[in-house]
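> what's the 3D shape of this:
(chains A and B)
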Amino acid sequence: MTGPVIAVCHDARGREWQLGPLDASPGHVTLIGWTCGWRSPDAGVPREVASILARTLTAVARVTFLSSAGGRGGATAESAPGVDPFRSLAESGLRARVRAVLAGEPSGVTLRSTRDAEAAAELFEDAEYPWWLQGQVAVLSAPEAPLPELTVGDVVALTTDEWVDRASRLDGVSGVVRPGVDGDIVGAVTNAPPFGRLLLDTLEREAGDAGFRYLTLSEADFARHLAEG
Amino acid sequence: MTESASDVPLSGQIPYAVGQASVVRIPIPGTDRLCIEFRPRGRIPPKGTSSTLFLQDPTGKRHLRLDVGWNTKTGSYDYHWNQAGVHETFKIENHTAAGRFGPSLYRGAKWFSYLGRRLVVVGAGLDAISIVQASNRMKRATEVVAGWAGAWVGCKVAGAGGAAAGTAVAPGPGTAVGGVVGCIVGGIVGYEAGSAVARVVYDWPAGTTFTHLLATGP
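Got it, this is the predicted structure:
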């Protein structure tokens, strides 16, 4: 045990992280892992880590994620002027809906968009879109810009192995964050190097403020660190 | 006089009662609404989940699930348990290796989940055919519906008992095995009992006669 650590890895290639074929886009995906200095008996993102991640994400971007709380909040302090914190997406047309049903995919989803860290932390806890079963995804976009124009197909694709490719083709999207294996790690992809640097610099600062060490590790050391933690 | 095979009415009792254990939420007593299931709660990605057995509450937030894949705790591929919020109940930590019987339990759950649903359809189909073939279709339909209801009740009651017994032996895996076995046995007995009750109730009015009440005037 080495005390609480936020660890990042830039050179991951392995399939074991369940984030798709990382070797097809080397260096695009950053893995973020953590150890708390004590072994939690529970799965999921520890509260302290969820707080660090949520503060980091909302400091640099508008965070839009799958939510089961759809529409209940109305306009709140978390929304920018003129921006609805919830948006329901649905497949348009009978053919698309039938295709979604046959493919076992949702024909509609609700997204929550926020710049509030406390609200963003719920993305790790939403039982309808379980982080621990890799059913969650968060889209990052410019803080003051309107929500990116997303379709149900976009959101579903971002939960599959083609997420890196799809993220790079979405207008107005700065990056995407989603759970890796068992929700034990975070996979982050950014569409522009400056935003990627800003995200990690902010993560390092937030980790330090919360008493966590920040380490950049090779893939092998990253895996070893998680196992030892 | 002996009954020939063709005289024995079709019944979906066995396939239905066995298969329903894969779709019914089997309660685990004393665990604040945890149940045994073969599907996760919540929406999962299109690629599905690598877990096959779930002991979970109605939201899925509190769960113990049997998984295969990369284990970040051991740094290797293995069969392991993932859990959240049920450590006190099952004494199993997240990422605990599933042990010697883990692979068998994992594969058994996977196949049972797949075949169980089909058995329910087969059982319901056989029951439907038996209704069509019956000389008294209304009676047979009553038996079948009561049998299904009895199977559901039997599964829940005996499944809960089996889960409790299994927990006493081996919390987690024992809970699942005990619950499913209890559900199957309870389902078969419940089906039989439900059908029998339906037969008695259906035949009850058969010998009944009604008499006119005499009108009495002032």
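> Residue 19 - how many residues pack around it?
Picked chain A for this. By other C-beta atoms under 10 Å in any protein chain shown, the residues close to A:Leu19 number 24. Glycine gets a C-beta too; all of them are placed from N, C-alpha and C.
> My question was about chain B, not that one.
B:Gly19 - counted by other C-beta under 10 Å - has 25 other residues nearby.
> Which helix or strand contains it?
Using DSSP states H and E, the element containing B:Gly19 is helix B:13-19.
> So which residues make contact with that helix?
Identification of contacts with helix B:13-19 by C-beta atoms under 8 Å, 6 or more residues apart in numbering or on different chains yields B:115-124, B:126-127, B:147-148, B:151, B:154-155, B:184, B:187-188, B:190-192, B:195.
> Buried subset of these as a PyMOL selection?
Per 16 or more other C-beta atoms under 10 Å in any protein chain shown, the buried members of the contacts of helix B:13-19 correspond to this PyMOL selection:
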select buried, chain B and resi 116+117+119+120+122+123+124+126+127+147+148+151+154+155+184+187+188+190+191+192+195
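> before we move on, the earlier item: which element follows the helix holding B:Gly19 toward the C-terminus?
Using DSSP H and E, the helix or strand that follows helix B:13-19 in sequence is strand B:26-27.
> what mean pLDDT does the helix or strand that comes right after that next one have?
Where DSSP H and E defines the elements, the next helix or strand beyond strand B:26-27 is strand B:35-37. Strand B:35-37 comes out with an average pLDDT of 98.
> and strand B:35-37, does that touch chain A?
No: taking C-beta under 8 Å from any C-beta of the partner chain as the criterion, strand B:35-37 and chain A are apart, separated by no less than 13.3 Å.
> which residues touch the helix or strand following that strand?
Next in sequence after strand B:35-37, counting helices and strands by DSSP H and E, comes strand B:51-56. Applying C-beta under 8 Å, 6+ apart, the contact partners of strand B:51-56 are A:133, B:28, B:34-41, B:60, B:62-68, B:82, B:86, B:90, B:105-107, B:109-110, B:113, B:172, B:175-176.
> Who are the contact partners of A:Ile52?
Listed by C-beta under 8 Å, 6+ apart, the contact set of A:Ile52 reads A:Ile6, A:Leu203, A:Glu206, A:Ala207, A:Ala210, A:Phe212.
> Please identify the helix or strand for it.
Here A:Ile52 sits within helix A:47-60, counting by DSSP H and E.
> count of neighbours near the nearest residue to A:Leu140 once chain neighbours are set aside?
The shortest distance from A:Leu140 to any residue other than its chain neighbours is 3.8 Å, reached at A:Ala61 (C-beta to C-beta, 6 or more residues apart in numbering or on different chains). When neighbours are defined as other C-beta under 10 Å, A:Ala61 has 26 of them.
> okay but A:Ala61 is in contact with A:Ala142, surely?
Yes: contact criterion C-beta atoms under 8 Å: A:Ala61 and A:Ala142 qualify, at 7.1 Å.
> Please identify every residue contacting each of the two.
A:Ser174.
> all strands of chain B, in order?
Using DSSP state E, the strands of chain B run over B:26-27, B:35-37, B:51-56, B:63-71, B:76-84, B:96-97.
> Spell out which residues of chain A are next to chain B.
Going by C-beta under 8 Å from any C-beta, the residues of chain A near chain B are A:16-18, A:33, A:39-44, A:66, A:103-106, A:125, A:127-130, A:132-135, A:156, A:159-161, A:181-182, A:184-185, A:223-224, A:226-227.
> helices and strands of chain A: which one bottoms out on pLDDT?
Ranked by mean pLDDT, DSSP states H and E, the helix or strand of chain A with the weakest confidence is helix A:94-102, at a mean of 74.
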